[in-house]
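Trainee: got a predicted structure plus its sequence, pasted below:
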Amino acid sequence: MRFEFEHLGTPTPFELTEGQHLLGGGPEDQVHLEGLPPGLLTLRIESQRLMVQAVRSFTVNAVRVLPGVSRLVVPGEVLGLPDGMCLRVLAEPSAPERGVGTVAVLKGLLTDAESRPSRAASLTCLTGLDVGRCHALAEATTDIGRGDGVALRLRDRSVSRLHARIRREGQGFMLEDLGTPNGVLLNGVRLEAPGLLADGDVVELGRSLLRFQAAFDEAPEGGGPVLPVPPDDGGPGTLLPPGHEPRGPRSEAWLVAVGAVLALVGLLLTYVLTTAE
């Protein structure tokens, strides 16, 4: 797993393998970083999942984590450390897809770019007994607490039986405190009225931290206002987004011709390879 430690504006990248690592400024620390207190952080990496625990409070994306609390940290999040220092968890570089010859070309033609799967909005537990658990927000309302009748039940004694509610409103989700003594914190700030959730927001209930992940559904590039395109017969226009012009017979015939040529090239290559053997 890849990290970047920053002190006085100077970044220091490093990598850690799976296992448990002690990070700090002391001589006994496995990861020695000047300027940090000795034995500050314990990093535990298992199956590319990072759990962080500290002997003193720290922040993750500006949200405070108490000492001794083990917190799940995902790539892209930043740990705030003493004296303005920080530790970034870097995302692993994605391996580019490597195509071979005609097979890659035909695969590109047959792949529909608009058929990519969508991802539902969800909450992921970052601390406590339910750490790593992911709950999809599929219903119109999702009640959260430690009672038996809630949709998302947390094993946390500091959480009320019916603690918070998330409501779907259009394409967004609203977080609401249900009048609990401990309250609900959104990104470290106590929620006084229902608030709209944004991707990456951290919800705090008792000693439990939950990370909100917004729904993901890729739209075609060139989004914007929908413009009318007049049809050939002079009838009412068809609404199409900018840059998406209607295909006429010529464009379709051209695509068919290109597909036929590529298919023929593939057959010829296959014939050459088989005869060469």
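Mentor: Yep, that arrived.

Trainee: need the contact list for the residue lying closest to G188 once chain neighbours are set aside.
Mentor: The shortest distance from G188 to any non-neighbouring residue, by C-beta to C-beta, 6 or more residues apart in numbering, is to V63 (4.7 Å). No exception for glycine: its C-beta is placed from N, CA and C like everyone else's. Contact analysis of V63 by C-beta atoms under 8 Å, 6 or more residues apart in numbering lists N187, G188, V202, E204, L209.

Trainee: with L33 instead?
Mentor: F5, H7, T12, L23, G24, G25.

Trainee: okay, those residues in JSON lines with secondary structure and neighbour count next?
Mentor: As requested, these are arranged in JSON lines below (DSSP: H, G, I helix; E, B strand; the rest coil; neighbours: other C-beta atoms under 10 Å):
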{"residue": "F5", "secondary structure": "strand", "neighbour count": "21"}
{"residue": "H7", "secondary structure": "strand", "neighbour count": "17"}
{"residue": "T12", "secondary structure": "strand", "neighbour count": "12"}
{"residue": "L23", "secondary structure": "strand", "neighbour count": "25"}
{"residue": "G24", "secondary structure": "strand", "neighbour count": "22"}
{"residue": "G25", "secondary structure": "coil", "neighbour count": "16"}
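
Trainee: of all the residues you listed, which comes closest to L50?
Mentor: Each of these was scored against L50 by C-beta to C-beta, and L23 proved nearest at 11.7 Å.

Trainee: list the buried residues in stretch 63-82.
Mentor: For stretch 63-82, a neighbour-count test (16 or more other C-beta atoms under 10 Å) marks V63, V65, V69, R71, L72, V73, V74, E77, V78, L79, G80, L81 as buried.

Trainee: okay, those in CSV with distance to S160, pLDDT and secondary structure next?
Mentor: Formatted as CSV, the buried residues of stretch 63-82 follow (distance: C-beta to C-beta, whole Å; pLDDT from 0 to 100; DSSP: H, G, I helix; E, B strand; the rest coil):
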residue, distance to S160, pLDDT, secondary structure
V63, 21, 90, strand
V65, 21, 91, strand
V69, 19, 91, coil
R71, 22, 94, strand
L72, 23, 94, strand
V73, 27, 94, strand
V74, 27, 90, coil
E77, 27, 94, coil
V78, 31, 94, strand
L79, 29, 95, strand
G80, 29, 94, strand
L81, 33, 92, coil
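
Trainee: among those, find me the one that's closest to A54.
Mentor: Among the buried residues of stretch 63-82, V65 lies closest to A54 (C-beta to C-beta), at 7.1 Å.

Trainee: shaky segments in the stretch 51-200 of the chain?
Mentor: Applying pLDDT under 70 to the stretch 51-200 of the chain picks out residues 94-118.

Trainee: and the strands in the stretch 101-250 of the chain?
Mentor: 122-125, 134-136, 141-145, 152-153, 164-169, 172-177, 184-186, 189-190, 195-196, 202-205, 208-213, 227-229, 238-240 (DSSP state E, counting those that start in this stretch).

Trainee: out of those strands, nearest to P37?
Mentor: Relative to P37, the nearest member of the strands of the stretch 101-250 of the chain by C-beta to C-beta is strand 208-213, separated by 23.2 Å.

Trainee: quick one: the closest one to strand 172-177, angle?
Mentor: 170 degrees (axes from the mean of the first three to the mean of the last three C-alpha atoms, to 10 degrees).

Trainee: heads up, I number from 608, so please use that
Mentor: Sure, I'll start counting at 608 from here, so that last one is strand 815-820.

Trainee: now strand 815-820, how far from the chain's geometric center?
Mentor: The chain centre lies 12 Å from the centre of strand 815-820; the measure is C-alpha atoms, centre = their mean, to the nearest Å.

Trainee: now that strand: buried residues?
Mentor: Going by neighbour count (16+ other C-beta under 10 Å), the buried part of strand 815-820 is S815, L816, L817, R818, F819, Q820.

Trainee: measure the closest residue to R818 other than its chain neighbours to V696 for me?
Mentor: Leaving aside its chain neighbours, R818 sits nearest to T731 (4.8 Å; criterion: C-beta to C-beta, 6+ apart). As judged by C-beta to C-beta, to the nearest Å, T731 and V696 stand 15 Å apart.
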